[in-house]
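Q: quick one: sequence and predicted model below, then my questions.
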Amino acid sequence: MIRILLAEDDDSMREYLARALDRSGYAVTAVDRGTAALPLLERETFDLLLTDIVMPEMDGIELAQRAAVIAPAMRVMFITGFAAVALKGGAAPPTAKVLSKPFHLRDLVMEVDRMFEVGNAAGV
């Protein structure tokens, strides 16, 4: 089963995304900030880091940079309402995907499916 680490500081958005991905067959571990994600990355293996960019304590770009050192094979997808501004300057990993808010859950699941070449987007 594909394991996703979701870092999103908005409680309702985090629950909404985790539920949709879980229903689509992914194993989701959700945290409310980047600093909470780091210890999990050091202890467990995840296939995808799905992170908001703008979060308190540590933004998603810094989280992705640190995650790349801990788990270089893990894929990264950013979810953000500030994509154009936040990703300037090439600070994000070059292979990272970006999904701009607002988006439909179906779009999120399709993008994740595409990253892992999974054909199951039904039920969302």
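A: Right, received. Where do you want to start? This one's a predicted model, so the numbers in the text were calculated from it and none came from an experiment. Numbers count the residues shown, from 1 in each chain.
Q: from here on, just use CA atoms for contacts and neighbour counts.
A: Fine.
Q: find the least confident helix or strand in the chain, judged by mean pLDDT.
A: Taking mean pLDDT, DSSP states H and E as the measure, the helices and strands of the chain show their lowest mean at helix 83-86, namely a mean of 54.
Q: next structured bit after it?
A: Counting by DSSP states H and E, the next helix or strand C-terminal to helix 83-86 is strand 97-100.
Q: partner strands of that next one and their direction?
A: strand 75-80 (parallel) (DSSP bridges).
Q: so which residues of the protein form strands?
A: Counting by DSSP state E, residue ranges of the strands within the chain are 3-7, 27-31, 48-52, 75-80, 97-100.
Q: angle of the longest one against strand 3-7?
A: Right, strand 75-80. Counting by axes from the mean of the first three to the mean of the last three C-alpha atoms, to 10 degrees, strand 75-80 lies at 30 degrees to strand 3-7.
Q: tell me the average confidence for strand 75-80?
A: Throughout strand 75-80, pLDDT has a mean value of 91.
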